[in-house]
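Novice: can't give you the sequence, but here's the structure:
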């Protein structure tokens, strides 16, 4: 939440959250946070900061600020998670979650492009094995709890509703400028934001190897079955095309009433 309480944003990992956080920071302070916005300990209210929780809780309960979130095609989101978090070296110079990648190499036979993530490897085969691991974490919570970067978007979105919030807007990363413009047009901010001049703060860019194939090449019948098992609700609620992995664009309008009804249990 901005310190001015102009807007509240429910973070969904791998859905332009770095850029949105920086826009919120700028809208209050007239400058961007110097560094990864996820590391910011000032200038934004965050649930992870104990001193922010009471302010966020009060605001969400009274629905006194404009509330929004942003979602992404499940096919491209899970691919991004694989290349960034599994194959990539993180900004601290180490592998994500310490022993996670060695575990995947040992238990699932995944390759990640060597020590630095830059060597060639069979991306399609490794990604499909990673999907088996994702399914295991979500279905059986083995060999670990599901990670926020590949757990379903609907799960992230629902916590805000269950705790008393109501979204004014849910938009797609695929039409980011249009969606973010609608948010900014609906609120008063201490500093105006020129979206055309905002850089993309893709904090995961360059962490891992480049995707070598079109999106659809990574998903065979079995992969699509696993994706359906994990993310079917995401496709339905946020109006993405399950049948065509090559089509990253939404195929309908998000129905906010439907989202609140189905995720508010």
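Specialist: Done, it's in. Remember, predicted model here, so these are calculated numbers, not experimental data. Numbers count the residues shown, from 1 in each chain.
Novice: what stretches of the stretch 1-150 of the chain score poorly on pLDDT?
Specialist: By pLDDT under 70, the stretch 1-150 of the chain contains no weakly predicted segment.
Novice: Next, please give the residue ranges for the strands of it.
Specialist: Here the stretch 1-150 of the chain has its strands, by DSSP state E, counting those that start in this stretch, at 7-9, 66-71.
Novice: now the stretch 151-265 of the chain
Specialist: Using DSSP E, counting those that start in this stretch, strands in the stretch 151-265 of the chain cover 169-172.
Novice: mind checking how far residue 176 is from residue 158?
Specialist: Residue 176 is 22 Å from residue 158, where distance means Cβ to Cβ, to the nearest Å. The way it works is simple: take the backbone N, C-alpha and C, and place the C-beta from them, glycine included.
Novice: and residue 232, what pLDDT?
Specialist: Here the pLDDT value assigned to residue 232 is 98.
Novice: burial count for it?
Specialist: 14 (other Cβ atoms under 10 Å).
Novice: Disregarding residues adjacent in the polypeptide, which is nearest to it?
Specialist: Nearest residue to residue 232, sequence neighbours excluded (Cβ to Cβ, 6 or more residues apart in numbering): residue 242, at 7.4 Å.
Novice: So the one you found sits against residue 230, correct?
Specialist: No. If you go by Cβ atoms under 8 Å, residue 242 and residue 230 don't touch, sitting 11.6 Å apart.
Novice: of those two, who's got more company?
Specialist: Between residue 242 and residue 230, counted using other Cβ under 10 Å, residue 230 has the larger neighbour count: 21 against 17.
Novice: Name all residues that make contact with the closest residue to the more buried one other than its chain neighbours.
Specialist: Closest residue in space to residue 230, ignoring its immediate chain neighbours: residue 138 at 5.5 Å, by Cβ to Cβ, 6+ apart. For residue 138, the contact set (Cβ atoms under 8 Å, 6 or more residues apart in numbering) comprises 146, 150-152, 230.
Novice: And for residue 144?
Specialist: With Cβ under 8 Å, 6+ apart as the criterion, the residues that contact residue 144 are 100, 103, 137.
Novice: Would you agree the last one is in contact with residue 148?
Specialist: The reference is to residue 137. No. Applying Cβ under 8 Å, one finds residue 137 not in contact with residue 148, separated by 11.3 Å.
Novice: Compare neighbour counts for the two and give me the winner.
Specialist: Each of residue 137 and residue 148 has its neighbours counted (other Cβ under 10 Å); residue 137 has more, 18 against 13.
Novice: excluding its backbone neighbours, what's nearest that one?
Specialist: residue 146 (4.3 Å).
Novice: Next: residue 254.
Specialist: Going by Cβ to Cβ, 6+ apart, residue 254 has residue 170 as its nearest residue, at 5.1 Å.
Novice: any idea how far residue 253 is from that neighbour?
Specialist: Applying Cβ to Cβ, the value for residue 170 to residue 253 is 10 Å.
Novice: And the two? Which one has more around it.
Specialist: Remark: of residue 170 and residue 253, residue 170 carries more neighbours, 21 against 7, as counted by other Cβ under 10 Å.
Novice: if I look at the more buried one, how far off is residue 53?
Specialist: Counting by Cβ to Cβ, the gap from residue 170 to residue 53 is 23 Å.
Novice: Over to residue 169?
Specialist: Taking Cβ to Cβ, one finds residue 169 at 23 Å from residue 53.
Novice: Looking at those two, which one has more neighbours?
Specialist: residue 169 (17 against 13).
Novice: And the nearest residue to the more buried one once chain neighbours are set aside, how close does it get to residue 32?
Specialist: Nearest non-adjacent residue to residue 169, counting by Cβ to Cβ, 6+ apart: residue 68, 4.2 Å away. Distance of residue 68 to residue 32, computed by Cβ to Cβ: 20 Å.
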